[in-house]
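J.: sequence? don't have it. structure:
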């Protein structure tokens, strides 16, 4: 099972009201309780199950007009 598919399963179980500890146990320790909680937090914060959420300060826009030599 791919990681994204596994995250979908975890989120579906979360939506059904199953605890993170129980999810980790039912998945036979494929993922840890901590990982389940991290995915749940990410999903609640962003509404997405994608892990490529940028961290920190956004990049500065660079255009030819802003770059002076």
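T.: Great, that's in hand. These numbers come from a predicted model, not from an experiment.

J.: so residue 14 sits against residue 40, correct?
T.: Yes - counting by CB atoms under 8 Å, residue 40 is a contact partner of residue 14 at 5.4 Å. Every residue, glycine included, has its C-beta placed from N, CA and C.

J.: got any residues that touch both of those two?
T.: Counting by CB atoms under 8 Å, 6 or more residues apart in numbering, the contacts common to residue 14 and residue 40 are residue 20.

J.: let me see the contact set for residue 49.
T.: 4, 7, 8, 11, 39, 42, 43.

J.: need the three-state assignment for the nearest residue to the second one once chain neighbours are set aside.
T.: Here the nearest residue to residue 7 in space, its sequence neighbours aside, is residue 49; by CB to CB, 6 or more residues apart in numbering that works out to 4.4 Å. Residue 49 carries the three-state label coil when classified by DSSP: H, G, I helix; E, B strand; the rest coil.

J.: for residue 49, give its distance to residue 41.
T.: 12 Å (CB to CB, to the nearest Å).
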